[in-house]
Structures are given as C-alpha cells and as structure tokens.
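Engineer: okay, sequence plus prediction incoming.
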Amino acid sequence: MEALLVCNVGNRDLDCPTLPKQTSERQWAQAALAQYDKLRTTFQLRIIAKALRYLAEQSVTLVRVVLIASDQPVSVGEQFYQSDTVYTAQIIARLLADGLTPYPPVDPARIETWIIQDEHGNGCDPSDYDLTLRFLERQLLKLAAEYPNHTAFLEVTGGTPAMTTGLLIAGTEAFGGRTEVLSIHPTQPIPIALNTGRRLLAAPLRATLRSNTKTYAYKAAAETFREQESIITDRLDPAAASLIAPLLDYAHYRFNFDFDSARRALDKVRPSGEWVDAINQLRAEVSDTDRHMRLAEVVHAAAARYQIGLYADFLTQVVRFEENLLRFLCLQHGVRFRSRQHTIDDDGPYLDRAWLQQQPFILSRDRDPSRDLPVDRSVLRELIDHLSDPTDPRRKQLLNDIDRLGELVKRRNELTHNLAGVQKVGLARAFAGQKALDTAADGIVPHLKQLYEQVCNRPLPPFPYQHINRLLEQLLRS
C-alpha cells in the first residue's frame with residue numbers, strides 16, 4: 001500500500017547519548033546537525049521511530065513524508081525562539097534519507113518540512129491553537145488534493161498540544177476516510193492506531209443520514225451510507241449495522257410505491273434480538289398490499305411531500321388519491337373495469353362494456369357504444385352519482401367532501417400545460433376559497449385522512465416513515 005506520513009516534531013522526538021541535551025532545543029539541534037556525519041549512527045528517534053517500524057511491518061510504501069516543525073522570529077522572546085524544532089526536523093529528514101531509522105531509506109525528494117506559519121509566511125507560535133490549525137488546514141488540503149487516493153498516516157504525538165489537535169482535526173477533515181491516526185505511547189513498542197479520525201467523521205456522516213431521512217431522501221441516504229459505510233458503522237453493533245442499508249433501500253422503494261422491491265430489500269436480512277419485531281412489522285406492511293393499504297400509502301405520500309414543501313408532487317398524490325378513492329367507491333357498487341387485453345381488472349383503464357350495457361343509465365361521455373370508454377375521475381364521479389343511494393344522508397356529505405378536492409385536481413392538471421410554480425397559498429385558495437390564508441392548506445392532509453376513514457371504514461394506519469426514521473436512529477445509536 002502506498003501512503004503518506006505526516007509527523008509532528010517536538011522537543012522529545014530526537015536524542016543523542018553522545019551529545020546530551022544541555023542547552024535549548026534549537027542550540028542543541030544546530031550543534032548536532034553540524035556534527036551529523038560523526039553522530040549519525042547514535043541518534044535516537046523516541047517517537048517517530050515507532051511509527052516508522054509499524055509502517056515497515058505493514059509493508060507500507062511511503063510516497064511522501066512531511067515533518068511539521070516550528071521556526072519563530074527572535075522577536076517572540078528568547079524562551080520561545082530557543083524551543084523551535086526546525087533543526088531537529090532537518091536531522092530527522094537526513095536520518096530518513098540515510099536509512100538510519102526502522103524504515104528503509106526514503107528518497108530525499110519525498111521528504112519535506114513544513115514550518116508553522118501565518119497567512120503571510122511568518123513563522124508563528126506552535127502553541128497557538130488557532131494559527132496552528134489554520135496553517136495545517138491550508139497545507140493538508142493541498143496535500144490531500146495532490147494525493148487523492150492515498151491513505152494518510154498522521155503521527156500526532158510529537159510537538160505541542162496545539163500541533164496534536166491541529167493535525168488530528170485538519171488531517172481528518174482533509175483526508176476523510178483515508179485518515180489513519182497513530183498515537184505513540186512511551187511504554188508501548190508500537191503505535192496505537194486510533195479510531196479518532198473515524199469517530200470525528202462518523203458524527204457528521206450520521207447527521208447527514210438523519211437529515212436525508214428527515215426529508216425522505218432515502219436514496220441519497222443509502223448512497224452516502226454505502227460510500228462511507230466503514231466510518232458510519234464504526235463502533236456500532238454489527239447486527240444493527242447490517243440492517244441500515246436494507247432499511248434505507250426499503251424506505252426508498254416504499255416511498256415510491258414499489259412494494260415488491262421494498263419487501264425483497266428486507267427479505268435479504270435476518271434480524272436478531274431487539275430488531276426482529278420491527279423488521280418483521282415493516283416487511284408485513286408491504287406484503288399484503290390490498291386496496292386499503294395502497295390508498296393509505298397515497299395519503300402518507302401526500303403528507304410527506306407536503307411536509308417538506310414539494311407542493312407539485314403533493315398535488316400529484318392528491319389527484320392520485322381522489323381518483324383511486326372514486327374507483328374504490330365504484331368497486332364497492334359492483335362496477336367492473338377491464339384491461340387493454342380485455343380481461344377483468346379492478347385497476348383497468350376502461351369500463352367493462354358488458355357490465356355497462358346492463359345498467360339503466362347512460363353516461364354523458366358514452367356516445368359510441370362500439371368503442372371502449374376510458375376511465376377518468378369525471379367518469380368515476382358520474383358513476384357514483386348514478387350508483388349511490390340518494391336517500392342516504394351520508395352520501396351527499398361524502399360526495400361534497402370529495403368534491404372539495406376538485407380545484408386542487410384542476411390546479412394539478414393545469415401544471416402539465418404551463419410552467420407556473422406551486423405555492424402554499426395557491427393550495428390554500430384552491431382548497432378553501434380565494435380569500436383563504438396559506439395556513440388553510442394545512443387542512444388538506446387531515447381532509448384526505450377523513451375521506452379515507454369514511455370510505456374504507458377503518459382508521460388510517462400510522463405514518464410509516466416516522467417509524468422507519470425512528471428505527472434508523474436506534475440502529476445508529478446501537
């Protein structure tokens with residue numbers, strides 16, 4: 001595997017028993033560098049050597065090594081100036097090139113030192129969290145763009161706390177899922193490969209899933225999950241993690257009324273423990289898709305689209321509900337429909353001519369008995385007028401309630417003939433009159449629910465997407 005290594009350089013990184021540190025880091029490193037050829041085999045890398053040994057054992061090929069050091073101006077004060085590691089980094093670079101580390105020799109062209117600087121190129125205080133972070137963000141984003149497919153190993157232990165924090169945050173942000181954070185403990189022979197980078201990325205990625213599902217963008221959520229699955233599922237219960245992708249697929253298919261595909265998405269999984277009942281319930285809800293269930297799904301689809309402001313799509317669901325509700329009433333009165341293949345079909349686009357000829361009435365649009373009569377909402381509405389009992393007091397109220405959707409249907413049909421937009425106030429006025437406030441549109445979905453319960457003689461089932469999103473939240477917290 002080809003990779004990058006980015007290391008912080010601090011005062012504890014380099015020692016030399018032959019030349020003990022009895023002066024400041026800057027003075028000692030300058031003196032050691034001047035005697036490099038004499039001292040080269042006696043230098044000891046206290047921190048970075050462990051990372052190099054780990055990478056060598058993992059057969060990692062380093063295509064770039066970056067050493068992060070400090071070189072402040074004298075004006076900052078003698079104490080801070082003398083603590084800089086610019087010369088320490090130069091010694092480490094030479095040791096890497098000469099192969100005097102636990103890692104094979106590195107081409108000097110692949111080794112570089114970054115001096116912590118401000119936006120103007122001035123060396124700055126490596127203990128300043130803000131300046132250090134901003135510097136590393138600039139540099140690491142460039143490095144990540146230069147190496148878009150390489151893993152970045154970040155050795156964060158050396159240097160100041162600001163350097164550690166800056167490299168951890170900026171490196172994870174720049175390299176994303178390609179980040180491997182190495183932490184060096186004094187008593188451990190090899191570095192600890194932290195999941196810190198994954199954890200930093202997992203939170204915003206999980207938040208993205210939640211945001212997508214809150215707006216019912218299940219397809220986008222599924223794509224995000226599959227692209228970043230290893231990060232999103234970090235530290236999750238494996239049994240729960242295995243259910244996330246199928247659940248998102250299920251939700252996407254169900255939201256688009258593809259119930260067969262939704263069922264198959266869950267047929268692929270074998271839930272265990274606390275997830276069994278929830279998954280089995282969702283599977284059962286799309287296994288028996290009778291007309292009651294499908295009508296309820298249209299109401300839920302309308303509610304979801306209205307909630308997130310997809311008003312044109314919302315109108316489509318309103319039209320779909322009204323026409324299919326009228327068809328359902330017709331079926332209750334024995335109307336027969338047929339398919340284009342001349343077979344009886346409750347969802348067929350034509351009235352069955354044999355049934356129609358037996359009726360004591362003639363529909364206003366049935367002007368040619370030799371031709372099929374296509375079914376639309378006006379035909380269905382006229383059929384209900386002829387077939388329902390005019391003495392039933394509930395009949396008039398039900399038909400009036402259905403007719404309240406008429407202007408919304410008209411508005412939807414007009415959309416196919418022009419490029420006008422759809423606003424909430426337009427929905428309100430189509431539903432409640434030309435003087436209605438936009439809040440009147442909030443009554444449309446409750447009206448659909450009421451119509452469903454009147455015609456189907458049963459309560460509307462619970463909103464499924466709230467249950468799906470709640471289950472997803474539980475899986476992400478497992």
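Structural biologist: All right, it came through fine.
Engineer: distance of residue 64 from residue 297?
Structural biologist: 55 Å (C-beta to C-beta, to the nearest Å). The way it works is simple: take the backbone N, C-alpha and C, and place the C-beta from them, glycine included.
Engineer: what's around the nearest residue in space to residue 340 that is not next to it in sequence, how many residues?
Structural biologist: Counting by C-beta to C-beta, 6 or more residues apart in numbering, residue 340 lies nearest to residue 349, which is 6.8 Å off, once chain neighbours are set aside. Neighbours of residue 349 under the rule other C-beta atoms under 10 Å: 13.
Engineer: list the contacts for residue 349?
Structural biologist: Shown in contact with residue 349 (C-beta atoms under 8 Å, 6 or more residues apart in numbering): 337, 339, 340, 374, 375.
Engineer: quick one, phi psi at it?
Structural biologist: Here is the backbone geometry of residue 349 (degrees, to the nearest 10): phi -90, psi 0.
Engineer: now the strands: where do they sit in the stretch 151-300 of the chain?
Structural biologist: Along the stretch 151-300 of the chain, counting by DSSP state E, counting those that start in this stretch, strands occupy 151-155, 179-183, 192-194.
Engineer: for the stretch 301-450 of the chain, that is, sorry about that
Structural biologist: 337-338, 350-351.
Engineer: mean neighbour count and mean pLDDT added to these, as JSON lines?
Structural biologist: Shown next, in JSON lines, are the strands of the stretch 301-450 of the chain (neighbours: other C-beta atoms under 10 Å; pLDDT from 0 to 100):
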{"stretch": "strand 337-338", "mean neighbour count": "20", "mean pLDDT": "94"}
{"stretch": "strand 350-351", "mean neighbour count": "20", "mean pLDDT": "94"}
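Engineer: now distance to residue 202 too, for those, in TSV please.
Structural biologist: Shown next, in TSV, are the strands of the stretch 301-450 of the chain (distance: least, C-beta to C-beta, whole Å):
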stretch	distance to residue 202
strand 337-338	52
strand 350-351	55
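Engineer: about what we covered before: ranking the strands of the stretch 151-300 of the chain by burial, who's on top?
Structural biologist: Comparing these by mean neighbour count (mean count of other C-beta atoms under 10 Å), strand 151-155 ranks first with a mean of 25.
Engineer: for the nearest residue to residue 28 once chain neighbours are set aside, what are phi and psi?
Structural biologist: Computed as C-beta to C-beta, 6+ apart, the closest residue to residue 28 that is not its neighbour in sequence is residue 21, at 4.9 Å. Per-residue torsions, residue 21: phi -80, psi 100 (degrees, to the nearest 10).
Engineer: so residue 21 touches residue 15, yeah?
Structural biologist: Yes - proximity of residue 21 to residue 15 meets the contact threshold set by C-beta atoms under 8 Å, at 7.1 Å.
Engineer: ok now do residue 454, which residues does it touch?
Structural biologist: 394, 398, 401.
Engineer: spatially nearest residue to residue 363 (excluding sequence neighbours)?
Structural biologist: Nearest to residue 363 is residue 382, by C-beta to C-beta, 6+ apart, at 5.7 Å.
Engineer: what are the ranges of the helices in the stretch 201-350 of the chain?
Structural biologist: Here the stretch 201-350 of the chain has its helices, by DSSP state H, counting those that start in this stretch, at 218-227, 229-232, 238-255, 259-267, 276-285, 291-307, 311-332.
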